[in-house]
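Student: based on what follows, work out the 3D shape:
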Amino acid sequence: MADFTSRERVRVAAGTEDARRRGAGDVVDDHVRARKELRVEDDLANFAEDVLVLSARGIYRGHAGLRRLWLDLEEQIPAARFAYGQPVAEGEAALLEWRARGDGAQIDDGVDSYLVRHGRIVVQTIHYTVRRQL
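Tutor: Numbers count the residues shown, from 1 in each chain. Down below sits the predicted model:
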């Protein structure tokens, strides 16, 4: 497995042969790094252009759908600060637990699952419950 820095991983994700060799764990690790560093546009390189995201709140397709999803989450939990667990990955699949705290709301049960093919996320499922803070 190649050892890439965060910036190199994003460049690799842009479609080189090395990108196709990234496993689910590598891709989700890079996704988490990009989210922590607030590099939303760079994070899109971790997702297939036709990615499918399933959530109880709706179905999101492609990079435009991801942007909409991220905006929807920001509306539900403004100024969110996220905490991520250690991703668990095997083969093409990965799972990530997360929490978030924001202005007047929190999420304690965030769980994302991923299907990764050719070094990109092709399917993601998301589950979370927004709780209002008093």
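Student: alpha carbons only for contacts and neighbour counts from here, please
Tutor: Noted.
Student: need the strands for this protein, in chain order.
Tutor: 47-55, 58-61, 81-84, 88-90, 93-102, 105-117, 120-127, 130-132 (DSSP state E).
Student: distance to residue 30 for these - can I get that in a markdown table?
Tutor: Shown next, in a markdown table, are the strands of the chain (distance: least, CA to CA, whole Å):
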| stretch | distance to residue 30 |
| --- | --- |
| strand 47-55 | 11 |
| strand 58-61 | 21 |
| strand 81-84 | 12 |
| strand 88-90 | 13 |
| strand 93-102 | 12 |
| strand 105-117 | 13 |
| strand 120-127 | 11 |
| strand 130-132 | 25 |
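Student: out of those, flag the one nearest residue 37.
Tutor: Distance to residue 37, taken as CA to CA, is lowest for strand 81-84 among the strands of the chain, at 11.0 Å.
Student: show me what counts as buried in the closest one.
Tutor: Judged by neighbour count (16 or more other CA atoms under 10 Å), strand 81-84 contains these buried residues: 82, 84.
Student: same for it, what does it pack against?
Tutor: Under the contact criterion of 3 or more CA pairs under 8 Å, 6 or more residues apart in numbering; DSSP states H and E, strand 81-84 touches strand 93-102.
Student: per-residue confidence averaged over the strand it packs on?
Tutor: Mean pLDDT, strand 93-102: 97.
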